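**Q** my questions are about this predicted structure, shown below with the sequence.
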Amino acid sequence: MSRLLAEQRAEVIRTAHKMVADGLVVGTSGNISLRCGELVAVTPTGVDYEALAVPDVPVVRLDGTVVDGELPPTSELPMHLTAYRDHAALAVVHAHSLHATALSLLRDDVPPVHYQLAELGGVVRVADYATFGTDELAANMSVALRDRAACVLRNHGTVAIGGTLAGAYNRARQLEWLCELWLTARRAGEPRLLDAAELERSAARFRHFAGGQGSSVKEA
């Protein structure tokens, strides 16, 4: 069983290293998963990402049953499985990024300060707070993710989904940048925001440049 989903588990480790290098997490916080059919490779709980080896990465079924891996899966497994069940995700990135978490203490959404929000499906919502690792947090996340590719978790961090792990990770980085942009502008004054019509025009252009194959939320 140790060879099960070997490439997917290795990709999870590589992305975890990037998440640390890019400052989206501190220590062992945050988690990543990648779906392959009815199985999911997911980061383990409470382990230094630099020390991870492929056999350490748990593989679970969509009901949460562990089928391989030498370590237990992340405590946030309910969030990951909910994203796969409710939002047709193929990859999930959960970060504890500073600026997004700071914004969650002040607002109920990420305001339209930049057209890049259109690629996430529109104005990104802040999910209601719940204790980490609980079904309640997973449910709150699911509400905030409706018709979106990312959300912020109040007093906690962010979740981004995608059709690939690279796509989900890029969205997590974009979301952090958008939150930093708003916080930076807000320190100087009242930011000027884009309206809903401009976000829709931007979304249409994203779809065009992606090949016209539907909403950008479902791609990448």
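**A** Happy to help now that I have it.

**Q** what about P78, which helix or strand?
**A** helix 77-87 (DSSP states H and E).

**Q** do a quick rundown of the helices in this structure.
**A** Along the chain, counting by DSSP state H, helices occupy 6-21, 77-87, 98-104, 135-145, 165-188, 196-209.

**Q** which residues touch the first one?
**A** Meaning helix 6-21. Contacting residues not belonging to helix 6-21 are listed as 25, 30, 32-34, 36, 41-43, 49-50, 52-54, 57, 59, 93, 95, 165-166, 169, 172 [C-beta atoms under 8 Å, 6 or more residues apart in numbering]. All C-beta atoms are positioned from the backbone trio N, CA, C, and that covers glycine.

**Q** check contacts around the most centrally placed residue in the chain.
**A** Relative to the mean C-alpha position of the chain, the nearest C-alpha, by C-alpha atoms, centre = their mean, is the one of A160, at 2.1 Å. Taking C-beta under 8 Å, 6+ apart as the contact definition, A160 lies against 92-93, 95, 120, 149-150, 168-169, 171-172, 175.

**Q** what do you get for C151?
**A** Listed by C-beta under 8 Å, 6+ apart, the contact set of C151 reads 124-127, 141, 144-145, 158-159.

**Q** related to what we said a few turns ago, buried subset of the contacts of helix 6-21?
**A** Neighbour-count burial (16 or more other C-beta atoms under 10 Å) applied to the contacts of helix 6-21 gives 25, 30, 32-34, 41-43, 49, 52, 54, 57, 59, 93, 95, 165-166, 169, 172.

**Q** circling back to that earlier point, and the residue nearest to the centre of the chain, what's its pLDDT?
**A** The per-residue pLDDT reported for A160 equals 98.

**Q** partner residues bridging it?
**A** On the basis of DSSP bridges, A160 takes part in beta bridges with V93, A150.

**Q** show me where pLDDT drops low in the protein?
**A** Residues of the chain meeting the criterion pLDDT under 70: 1-2, 212-220.

**Q** any idea how far V113 is from G189?
**A** Taking C-beta to C-beta, to the nearest Å as the measure, V113 and G189 are separated by 13 Å.

**Q** ugh, wrong one, R3
**A** On the measure of C-beta to C-beta, R3 and G189 end up 57 Å apart.

**Q** comparing these two, which residue is more hemmed in?
**A** When R3 and G189 are compared on other C-beta atoms under 10 Å, the one with more neighbours turns out to be R3, at 10 against 7.

**Q** next, the contact list for the more buried one, please.
**A** Taking C-beta under 8 Å, 6+ apart as the definition, R3 has no contacts.

**Q** that one and L77, how far apart?
**A** Going from R3 to L77 by C-beta to C-beta gives 22 Å.

**Q** of the contacts of C151, grab the buried ones for PyMOL.
**A** One line in PyMOL is enough to select the buried ones among the contacts of C151; burial here means 16+ other C-beta under 10 Å:
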select buried, resi 124+125+126+127+141+144+145+158+159
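
**Q** in a markdown table: the contacts of C151, plus distance to T101.
**A** Rendered in a markdown table, the data for those read as follows (distance: C-beta to C-beta, whole Å):
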| residue | distance to T101 |
| --- | --- |
| V124 | 13 |
| R125 | 15 |
| V126 | 10 |
| A127 | 12 |
| M141 | 14 |
| A144 | 14 |
| L145 | 17 |
| T158 | 8 |
| V159 | 12 |
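
**Q** which of the contacts of C151 sits closest to L199?
**A** Within the contacts of C151, proximity to L199 (C-beta to C-beta) peaks at V124, which comes in at 11.3 Å.
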